[in-house]
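Chemist: Can you look at this prediction? I've put the sequence above it.
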Amino acid sequence: MRLLPQEQDRLLLFLAAELARKRRARGLQLNQAEATALIADEVCEAARDGRSYAEVVATAYRVLGEDDVLDGVRALVPRIEVEALFPDGRHLVVAEDPLGGAPPAAPQEPPAPWLDGAVARLEVVNEGDVLIGVTSHLHFFEANRRLRFDRAAAWGMRLALPARAKCFFAPGEPREVALVPIGGDRVVRGHGDLVDGHLDAPGAREAALEHARELGFLGA
């Protein structure tokens with residue numbers, strides 16, 4: 001059986017969660033890794049069952065409580081992020097303080113720590129109905145199709161964020177972002193399936209824009 005890297009990651013998460021379930025069934029309190037894996041796995045399965053985004057988020061807070069984990073573990077799990085497969089595609093699920101028992105009433109994302117040297121600023125609006133997260137080194141041109149912004153202006157650019165940081169876009173709320181050029185060899189593959197090669201190749205941007213329009217990427 002041939003599995004994609006994303007599928008391999010999902011199986012590893014499932015195995016870690018199964019180990020956590022067995023230890024919990026024996027009456028053991030869970031450590032940080034076990035608690036995180038179990039909650040993330042339950043979230044992914046709830047999404048796979050076809051539940052709504054709100055129901056899936058609520059699931060994250062029902063899996064474990066502070067009494068189910070070792071002393072100090074709740075403080076070590078302030079946030080869980082997992083990309084889950086819903087009937088309409090993959091969406092990022094974010095749970096703040098998942099061991100606290102209840103979701104916060106209105107979580108607010110802190111201002112993005114933009115790096116110096118940004119060469120472009122764009123207004124982005126999430127026209128979907130769920131929170132969308134974009135990582136620092138994603139080719140921003142290929143970000144989620146429900147984000148509306150000037151795609152052409154974002155060609156060859158990434159978020160001006162530190163490595164591994166993320167920016168979140170709440171539904172219906174405009175947000176300005178700063179972008180910097182992608183460095184290195186400037187070869188992009190597999191981000192949003194719009195580009196597969198060198199960003200600076202002749203005609204690459206025009207072909208990608210046309211493909212984005214065909215697939216319904218907003219702002220293309």
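Modeler: Happy to help now that I have it. Numbers count the residues shown, from 1 in each chain.

Chemist: correct me, but A47 touches V82?
Modeler: No: contact criterion C-beta atoms under 8 Å: A47 and V82 do not qualify, at 9.0 Å. No exception for glycine: its C-beta is placed from N, CA and C like everyone else's.

Chemist: Identify the contacts common to these two.
Modeler: Taking C-beta atoms under 8 Å, 6 or more residues apart in numbering as the contact rule, A47 and V82 both touch V93.

Chemist: Alpha carbons only: can I get the strand or helix carrying Q8 in CSV?
Modeler: For Q8, the element it lies in under DSSP states H and E is helix 5-25. Taking Å, rounded to 0.1, in the frame of the first residue of the first chain, the C-alpha atoms of helix 5-25 are listed here in CSV:
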residue,chain,number,x,y,z
PRO,A,5,3.1,11.8,3.5
GLN,A,6,-0.2,13.4,4.8
GLU,A,7,-1.7,9.9,5.2
GLN,A,8,1.3,8.6,6.9
ASP,A,9,1.1,11.5,9.4
ARG,A,10,-2.5,10.6,10.0
LEU,A,11,-1.7,7.0,10.8
LEU,A,12,1.1,8.0,13.2
LEU,A,13,-1.4,10.3,15.0
PHE,A,14,-3.9,7.4,15.2
LEU,A,15,-1.3,5.0,16.7
ALA,A,16,-0.3,7.6,19.3
ALA,A,17,-3.9,8.2,20.2
GLU,A,18,-4.6,4.4,20.5
LEU,A,19,-1.7,4.1,22.9
ALA,A,20,-3.2,7.0,24.9
ARG,A,21,-6.6,5.3,24.9
LYS,A,22,-5.2,2.0,26.2
ARG,A,23,-3.2,3.8,29.0
ARG,A,24,-6.2,5.8,30.0
ALA,A,25,-8.4,2.6,30.1
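
Chemist: got the contact list for it?
Modeler: 3, 30, 33-35, 37-38, 40-42, 44, 68, 82.
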